[in-house]
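Q: model this:
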Amino acid sequence: MMAIPNIATTGLRDALQIAIESFNAGKLLEAERLAIAISLDYPSSFEANNLLAGCLLTNAKLERAAETYKTVLQLDPSYEIGHFNLAVCLQDLGRLNEALESYSSAIALNATFSSAYFNRGSVLKSLGRYSEAVSDLARAFGLEPSRTDFCNSLGDALEKLGRYQEAINIFEKCINPDNEHRIIGCLYSEGKLEEANEMLASLASRDRERKSYRIPLASISAFISDQTGSKNSYPLVEDPISQISTTNIIPQIQAKTGDWGLFLEDLVSELRDLTRFSWTHTATKNGSQTEQVLFNSKSASVLLLKGLIEEQIDSYRDRVLGTSSEPFGLFWPSDPDLAGWFVELSSGGYQEMHTHDTAWLSGVFYLEVPEGPIENEGAIRFSLCNERYPRIRPEIEALNYKPKVGDLVLFPSSLPHGTVPIGDGKCRLCVAFDLLPKNQITQ
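A: All right, here's what the predicted structure looks like:
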């Protein structure tokens, strides 16, 4: 650990330089400690407070970062980046109306601040103010037409307004694997089913040749097939709900450790020590999750859990390969990576329906689940439904699975899934994970 220099001897400039070098080297906690010490000795220093705010934001200490940025802006109200970063903190804290004000302050200082327009448009989308969002997102995209994230977000807002042809026109300005499925969804919503299926069939031919299928295309194709009764034109897995697997692994853990309760206690303690966030743009609502860093740990509990998950995945793969001629089995990724993260849902918490678009197989291991008489409370919900687009028929195949502690659930990453909300005073803890292809095609 780096020793904090004597700032009175070192001087403000040299102390700031040491802290900045630590920050740039990725030693974020060391940089934060240095910045705290400097700001205490120089409370009126713009540079010291700005560095501290940046460290706090990078370390996801959002409340403290927001307060520090307010101090920075008292020292220099014309600092547009400060207004922007304050807005980022407020947005990720869910204080959306305050975030709008801060983004507007940044734009007032710089009328060509494309990222501020983009973020303000994203907040407006979160608030359901789609027409206003379109204005901001169109401004951002006009300033930086090469930004695919600007393009896709603008197209998304137009979709939300039912302006599907306009959305297609935007998506086609920067067509790429990340928005091909959005064009198909818009064609479906416009009633252009033949065009949608033709595009899906063409992309299926391309990806079969590459031996690399795209999860979002598989998901939208399964939805269209279910709604229209037509052939699945991009058949990664014909019936993804039938490929859900559930196993309780407490007996295996008990056999290896001799004490399931102690294993659970150690694992949960370690997971709670990981940095967690509750950013508004994730599927997790009224809860928090970590980055996908869980399996970087070399602790005994994490290594044991990872090994058991890998055993279950191997068994699942062998079963799929042995019984299916579908691309889901035929093109199973070789030498894949396993990424895991911790999710905690609190009172009223749930996860919106979503897919894992960069993975092949996804899963959940349950550490704590709500108990009680409420039907399906905290259940994981699977459905072919794509909630972005209108339904042609009201019925749709769906499954709610209410897990037990120790359950491990595996399913194709293209299958939309979410969580039935939990009640007040309840808690739901789980480890989520993805099997990731190492050489996924991105162009």
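
Q: let me see the ranges of the strands in this structure.
A: Counting by DSSP state E, the segments of the chain that form strands are 245-248, 276-277, 284-290, 337-351, 361-368, 380-383, 398-401, 407-412, 417-419, 428-436.

Q: now what about the shortest one, what contacts it?
A: Okay, so that is strand 276-277. 60, 62, 92, 288, 289, 290, 291, 342, 344 (Cβ atoms under 8 Å, 6 or more residues apart in numbering). C-beta here means a position set from N, CA and C on the backbone, and glycine is covered the same way.

Q: coming back round to it: hey, least reliable of the strands of the chain by pLDDT?
A: Lowest mean pLDDT of these: strand 276-277, a mean of 73.

Q: so where is the stretch 1-150 of the chain shaky, pLDDT-wise?
A: Counting by pLDDT under 70, the stretch 1-150 of the chain shows low-confidence ranges at 1-11.

Q: still on that earlier bit, same list, the strands of the chain, but as TSV with distance to residue 20 please.
A: Below are the strands of the chain laid out as TSV (distance: least, Cβ to Cβ, whole Å):
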stretch	distance to residue 20
strand 245-248	50
strand 276-277	24
strand 284-290	27
strand 337-351	30
strand 361-368	39
strand 380-383	45
strand 398-401	50
strand 407-412	45
strand 417-419	42
strand 428-436	34
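
Q: which residue is nearest the middle of the protein?
A: The C-alpha lying nearest the average C-alpha coordinate of the chain belongs to residue 282 (Cα atoms, centre = their mean; 4.7 Å).

Q: can you pull the contacts of that one?
A: Neighbours of residue 282 in contact, by Cβ under 8 Å, 6+ apart: residue 289.

Q: confidence score at it?
A: Residue 282 is given a pLDDT of 73.

Q: any idea how far it is from residue 94?
A: 11 Å (Cβ to Cβ, to the nearest Å).

Q: with residue 260 instead?
A: Residue 260 is 36 Å from residue 94, by Cβ to Cβ.

Q: just residue 289 next, same as before
A: Counting by Cβ to Cβ - residue 289 and residue 94 are separated by 15 Å.

Q: related to what we said a few turns ago, compare neighbour counts for residue 260 and residue 94 and give me the winner.
A: residue 260 (18 against 15; other Cβ atoms under 10 Å).

Q: hang on, that one packs against residue 249?
A: No - applying Cβ atoms under 8 Å as the test, residue 260 and residue 249 come out as separate, 9.8 Å apart.

Q: by contact count, what packs against the lengthiest helix in the chain?
A: Longest helix in the chain, counting residues (DSSP state H): helix 300-323. Judged by 3 or more Cβ pairs under 8 Å, 6 or more residues apart in numbering; DSSP states H and E, helix 300-323 is in contact with strand 245-248, helix 250-257, helix 260-273, helix 327-330, strand 337-351, strand 361-368, strand 407-412, strand 428-436.

Q: now which of the contacts of strand 276-277 would you call buried?
A: Applying a neighbour-count criterion of 16 or more other Cβ atoms under 10 Å, the buried members of the contacts of strand 276-277 are 60, 62, 92, 288, 289, 290, 342, 344.

Q: helices of the stretch 51-200 of the chain, start to end?
A: 62-75, 80-92, 96-109, 114-126, 130-143, 148-160, 164-171, 180-189, 193-210 (DSSP state H, counting those that start in this stretch).
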